[in-house]
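Visitor: When you get a sec, could you give me coordinates for this:
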Amino acid sequence: MKRILIAGLGMTALIAAVPLVNSNLWSAATAENIQKQPQVHLIMDAQKQVLLHNQQGKVTVSWKSLQDNAVVNPGDVLRYTIAGENYSDLPVKNLSINQPIPQQMAYVLKSTAVNTNTGIKVSYSIDGGRTYSENPTIKVKLANGKEETRPAPATAYTNIRLNVPVVAALTTVKATYQAQVR
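Guide: Residues are numbered from 1 along each chain as shown. Coordinates of the predicted model:
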């Protein structure tokens, strides 16, 4: 029994010593690999919808950037912009961006827009980000006791996910969506 214990300790010491001997080689290889990895910088911006009425009563929509400590009121519509900038010389594959919709906000249905020719797939969650679907649905109990599947209401949306197959080198992918303050 004692011989097995001693042999086991000896093997542990040998394994622990090996990384120390080659530590400089490992650090150099790791640093080299990090430099070659694509880098994506994510940027989030929010703007408040401003409705302007001209003398003829025509309404035009403009967007005002929100600064720190901006005040928003119930009913205000905000437009969120999510951008992923690839700063590297290599493409980034299978980028997934998950964005929660704040609880005090309601997603504006069909407001998501992505820059064209990027192949971005947009999906939504109504369960806090556990599952995603392009068109979330809920089950509704009818007066006759039967259940029916219907599109989820805007207030049920909790997250938005952008799946980008490829972000080309030195390019930016962008998506916007709107949410209304409750």
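Visitor: For the protein, just list every one of the helices.
Guide: Using DSSP state H, the helices of the chain run over 2-21, 23-36.
Visitor: Would you single out the least confident of these?
Guide: Of all the helices of the chain, the minimum mean pLDDT falls on helix 2-21 (a mean of 40).
Visitor: Quick one: residues in contact with stretch 153-161.
Guide: Outside stretch 153-161, the residues within contact range by Cβ atoms under 8 Å, 6 or more residues apart in numbering are 96-101, 106-109, 112, 122-129, 132, 136, 138, 177, 182. Every residue, glycine included, has its C-beta placed from N, CA and C.
Visitor: Name only those of those residues that count as buried.
Guide: The neighbour-count criterion (16 or more other Cβ atoms under 10 Å) marks 97, 99, 101, 106-108, 112, 123-126, 132, 136, 177 among these as buried.
Visitor: ok, of those, which one's closest to Leu66?
Guide: Tyr177 (15.0 Å; Cβ to Cβ).
Visitor: what's the nearest residue to the closest one if we skip its chain neighbours?
Guide: Thr112 (4.3 Å; Cβ to Cβ, 6 or more residues apart in numbering).
Visitor: give the contact list for that neighbour.
Guide: Val122, Ile160, Ala175, Thr176, Tyr177.
Visitor: change it to 10 Å
Guide: Tyr80, Ile120, Val122, Tyr124, Ile160, Leu162, Ala175, Thr176, Tyr177, Gln178 (Cβ atoms under 10 Å, 6 or more residues apart in numbering).
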